[in-house]
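[1] fold the following for me, if possible:
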Amino acid sequence: MSALTQKAQELKRSLPPERTGSPPVMKGQLLGTLPHKEGEVRIVWDTFEGHAFLSVRLWTVDDNGQHWPSKNGFTVRVRDLPTLGEAVGRALDKALEELQTTGGSKTHYRNNEGVNAPF
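    Residues are numbered from 1 along each chain as shown. This is a model prediction of the structure:
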């Protein structure tokens with residue numbers, strides 16, 4: 001057995017097992033999705049141990065076309081939602097201002113479908 005084959009087998013033994021079975025079922029209420037090159041970002045209203053929160057998480061697509069939650073994401077507590085809402089409102093104002101002042105000529109918006117997603 002060659003040294004390369006031995007290293008390949010050693011690496012194969014140390015890798016975690018591939019995903020099998022079905023992806024977890026999303027339990028919360030899906031509020032919206034954003035396309036992403038690796039899958040989609042899901043915005044979900046959920047609860048944990050009686051506490052409500054907003055979850056924003058990347059769900060990646062495996063080779064079988066199934067969506068799996070990734071580690072990339074964050075949650076927003078109910079008490080922090082007003083701050084998030086105000087910030088999104090300011091971002092919407094800025095976007096409208098930019099479109100009005102430039103006529104959209106300096107801003108290149110893509111069709112957010114599939115691999116042309118902005119992030």
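[2] could you say what helices and strands the top helix by length along the chain packs with?
    When the chain is parsed with DSSP state H, its longest helix is helix 81-102. For helix 81-102, there is no helix or strand it packs on, judged by 3 or more CB pairs under 8 Å, 6 or more residues apart in numbering; DSSP states H and E. Every C-beta, even on glycine, is put in place using the N, C-alpha and C of the backbone.
[3] can we see that at 10 Å?
    Contacts defined by 3 or more CB pairs under 10 Å, 6 or more residues apart in numbering; DSSP states H and E place helix 81-102 against strand 51-61, strand 67-77.
[4] let me know the average pLDDT across that helix.
    Taken as a whole, helix 81-102 has an average pLDDT of 94.
[5] how far does it sit from the chain's center?
    With CA atoms, centre = their mean, to the nearest Å as the basis, helix 81-102 stands 21 Å off its chain's centre.
[6] where in this protein is pLDDT low?
    Low-confidence segments of the chain (pLDDT under 70): 19, 105-119.
[7] list the contacts for the residue sitting nearest the centre point of it?
    Ranked by distance to the mean C-alpha position of the chain (CA atoms, centre = their mean), the top residue is residue 58 at 2.0 Å. By CB atoms under 10 Å, 6 or more residues apart in numbering, residue 58 lies in contact with 34, 36, 38-42, 67-73, 119.
[8] the helices and strands packed on helix 81-102: which one's closest to residue 22?
    Among the helices and strands packed on helix 81-102, the nearest to residue 22 by CB to CB is strand 67-77 (9.8 Å).
[9] within its sheet, name the partner strands of the closest one and how each one runs.
    Paired strands of strand 67-77, with direction, are strand 51-61 (antiparallel) (DSSP bridges).
[10] quick one: the partner strand to helix 81-102, angle?
    Interaxial angle of strand 51-61 relative to helix 81-102 (axes from the mean of the first three to the mean of the last three CA atoms, to 10 degrees): 50 degrees.
[11] circling back to that earlier point, so which pair among the contacts of residue 58 is furthest apart in space?
    Between any two of those (CB to CB), the greatest distance is 18.2 Å, for 68 and 119.
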